[in-house]
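1. Build me a model from this:
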Amino acid sequence: MGNLFKIAVRNLLRYKRRTLLTASLITIGVIFVLVFMSVSGSFKNMMIGQITDSMLGHAQVHRTGYVASIDNLPLNLNLTEGAAKRVGAVLDDRPEIAAWSPRIKFGGMFSNFAETTNIRLNGVIPEKEFAVVPLLTSRIIEGEKEMKRGAILIPELLAKGMKVKVGDVVVIVATNKDGSVNGKQFKVGGILQSVTGPGGRDGYIHFDDAVEVLRMEEPEVSEFAIRLKKFDGLHVFTAALDVRLAQELNKDGKPVFEVHTWEQLSPFYNIARMIDVMTFFIKLMLIAIVLISIMNVMIMAVYERIREIGTIAAIGTLPETILGMFVIEGFCLGIVGAVIGNIVGAVLVSIINISRITFNFGMQQGLVLQATVRPADLFIISITVIIVSVIASLQPAFKASRMEPIEALRHV
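-> Next comes the predicted model:
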């Protein structure tokens, strides 16, 4: 085997220009794929982080049927105090959970005593909510980065449209579950930077204030937002939690609770899927580049060395040895292209990070792109290139090994 490698390397060096061109094409393909995967993957992770860490959380628990009617924020589909306590007990027992937060969501009228407009509100327990969506505090661009009873956090667009500033007194009027109307004065405690997606125009008040505005006899919960310790385990966790909560049945024998991931709650999941599809097709392009490059150089090598192949076959070299010699040449080309491509690609990703390229995502301005090269990506790209290089060299190698020595020696 060692001798075959020596022969393969020697043959590649005999045709330096062609070998260099082929290795360069493979290298360029690897660089392109690696940089694209690093940049697009980082953008996708940043997008997901902005959505989950600003408002949604990683997963949510609702009463069955709530999400189907979530645009109306139905108060009649809230979880009762008893049901909410049962969900809280289940969440406390899950070691995968870093934090969870109960929310009361409802729609109301926002008035500055001169104008009135619609608003969506979230009644939250501050310390729990900030643990689940840690970027929420960074969205407070004016006012104190906290939430007290009697204070309200309002979106930036609403504040500008209604000409409301921090410290102003406003009124929230909401329709209760029984159809009656109640109002409560609040002091504007902060202005929230808007974000793209559902919940981007929502305001926040204290959980106890929401109970008071809606005149709840006992606290109810619209949803539980959940943050995991490891985001990669999201689907395994939600599947297990769904099985556990499915044991809670109503009088009709149907599950009381539903579990939803951020993917089911945000339209931006389609963008994340589109990025994955684009990455898949970019990988196919890499395979095509390697396949065509290797096959071309190996076919030319076989054609130019027909008499040489006939000579080594005539002196007793076995067909499988000839086959192995050409396969090893393709293998070596794949190794060289993958190694150099990975090194240059990693350097380019580092340059991109040093350049601190910024972009805007929805209402978020000046987000800095931080591309990362994952060891898994390096491994997958390298293995793909090497396997395709070997496969591409099989047909020419098989052709060389099947040549008749006499016919090959007659070739001019």
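
2. And the average pLDDT for the helix or strand containing Ala338 is what?
-> Using DSSP states H and E, Ala338 maps to helix 319-355. On average, the pLDDT along helix 319-355 is 86.

3. What average pLDDT does the longest strand seen in the chain get?
-> Using DSSP state E, we find that the single longest strand of the chain is strand 97-111. In this model, strand 97-111 carries a mean pLDDT of 94.

4. got the angle for the helix or strand Ile191 falls within vs strand 97-111?
-> Taking DSSP H and E as the criterion, Ile191 maps to strand 181-192. Taking axes from the mean of the first three to the mean of the last three Cα atoms, to 10 degrees, one finds that strand 181-192 is oriented at 120 degrees with respect to strand 97-111.

5. I'd like to know which elements strand 181-192 is packed against.
-> strand 140-143, strand 151-155, helix 156-162, strand 169-175, strand 203-206, helix 207-213 (3 or more Cβ pairs under 8 Å, 6 or more residues apart in numbering; DSSP states H and E). (Each C-beta comes from the backbone N, C-alpha and C, glycine too.)

6. mind checking which helix or strand of this protein has the lowest mean pLDDT?
-> In the chain, the helix or strand scored least confidently by mean pLDDT, DSSP states H and E is helix 405-410, which has a mean of 61.

7. Would you mind confirming that Pro134 is in contact with Gln50?
-> No - under the criterion of Cβ atoms under 8 Å, Pro134 makes no contact with Gln50, lying 11.6 Å away.

8. Between those two, which is the more surrounded one?
-> Gln50 (19 against 16; other Cβ atoms under 10 Å).

9. Am I right that the more buried one falls within a helix?
-> Yes - counting by DSSP: H, G, I helix; E, B strand; the rest coil, Gln50 is found in a helix.

10. quick revisit: out of the helices and strands packed on strand 181-192, which comes closest to Asn250?
-> Nearest of the helices and strands packed on strand 181-192 to Asn250, taken as Cβ to Cβ: helix 207-213 at 23.9 Å.

11. how about that closest one: buried residues?
-> By neighbour count on 16 or more other Cβ atoms under 10 Å, the buried set for helix 207-213 is 207, 209-213.

12. List just the nearest of those residues to Val243.
-> Closest to Val243 out of these is Phe207 (28.9 Å), distances taken as Cβ to Cβ.

13. Would you quantify the distance from Thr311 to Ile322?
-> Separation of Thr311 from Ile322 (Cβ to Cβ, to the nearest Å): 11 Å.

14. out of those two, which sits in the busier spot?
-> Ile322 (21 against 14).

15. tell me the contacts of that one?
-> Shown in contact with Ile322 (Cβ atoms under 8 Å, 6 or more residues apart in numbering): 309, 312-313, 397, 400-401.

16. Equivalent analysis for Lys283, please.
-> Contacts of Lys283 by Cβ under 8 Å, 6+ apart are 33, 384.

17. Check the secondary structure at it for me.
-> Per three-state DSSP, Lys283 ends up helix.

18. And Arg201, by the same measure?
-> At Arg201 the chain is in coil, as set by three-state DSSP.

19. Disregarding flanking residues, what is the spatial nearest neighbour of it?
-> Counting by Cβ to Cβ, 6 or more residues apart in numbering, Arg201 lies nearest to Pro155, which is 4.9 Å off, once chain neighbours are set aside.

20. what do you get for Val336?
-> In this structure, Val336 finds its nearest non-sequential neighbour in Ala23, 5.0 Å apart by Cβ to Cβ, 6+ apart.

21. gap between Gly345 and Arg14?
-> In terms of Cβ to Cβ, Gly345 sits 29 Å off from Arg14.

22. So the two - more neighbours on which side?
-> Gly345 (24 against 12).

23. Please give me every residue in contact with Ile97.
-> 91, 226-229, 237.
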